[in-house]
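In: can you look at this prediction? I've put the sequence above it.
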Amino acid sequence: MNIAGSDSGGGAGIQADLNTFAALGVHGTCAITSVTAQNTLGVQSVHDLPIEVIVDHTKTGMLSSAEIVRAVAQQMREHKMPLVVDPVMKAETGGCLLRRNAISVGELFPWQRL
């Protein structure tokens with residue numbers, strides 16, 4: 001399962017990850033954390049889904065807010081699942097997809113906590 005943001009242009013996010021899964025011969029499933037409104041000129045807006053709809057995961061993508069990072073980290077701890085972290089920070093067009101408060105959370109990397 002992949003847990004990440006949706007790229008309305010289809011070139012990144014959940015859409016690209018599911019294509020990668022298919023190319024590797026794996027049927028991927030997904031849980032979307034955020035929906036973007038973007039095109040080749042930039043990111044117009046980012047809308048986060050409610051925390052309670054974000055579920056178990058094995059790979060992350062766009063985790064735009066500290067609240068989402070904490071929810072994913074909590075699920076990872078509870079289910080003791082391995083996690084591949086793909087820290088999506090900017091869209092290809094340069095638009096910011098990672099809020100400043102999410103950068104310093106560090107909960108996805110428990111060995112970095114002091």
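Out: Noted; the coordinates are in hand. The shown structure was predicted, so the numbers you read here are calculated from the model rather than taken from an experiment.
In: restricting to C-alpha, output the longest strand anywhere in the chain in PDB.
Out: Looking across the chain with DSSP state E, the single longest strand is strand 30-39. These are the backbone C-alpha positions of strand 30-39, laid out as PDB (Å, rounded to 0.1, in the frame of the first residue of the first chain):
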ATOM      1  CA  CYS A  30      -3.300   3.500  -2.000                       C
ATOM      2  CA  ALA A  31      -4.500   5.900   0.700                       C
ATOM      3  CA  ILE A  32      -4.500   9.500  -0.400                       C
ATOM      4  CA  THR A  33      -3.300  12.100   2.200                       C
ATOM      5  CA  SER A  34      -3.700  15.300   0.100                       C
ATOM      6  CA  VAL A  35      -5.100  16.400  -3.200                       C
ATOM      7  CA  THR A  36      -3.300  19.000  -5.200                       C
ATOM      8  CA  ALA A  37      -4.600  21.400  -7.900                       C
ATOM      9  CA  GLN A  38      -1.700  21.900 -10.200                       C
ATOM     10  CA  ASN A  39      -0.600  22.100 -13.800                       C
END
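In: could I get the buried residue list for the helix or strand following that strand?
Out: Tracing the chain C-terminally past strand 30-39 and defining elements by DSSP states H and E, one meets strand 42-48 next. With burial defined by 16 or more other Cβ atoms under 10 Å, the residues of strand 42-48 counted as buried are 43, 46, 48. From N, CA and C alone the C-beta is placed, and that goes for glycine too.
In: using the three-state scheme, assign Phe21.
Out: Secondary structure for Phe21, judged by DSSP: H, G, I helix; E, B strand; the rest coil, is helix.
In: any idea how far it lies from Asn101?
Out: Phe21 is 30 Å from Asn101, where distance means Cβ to Cβ, to the nearest Å.
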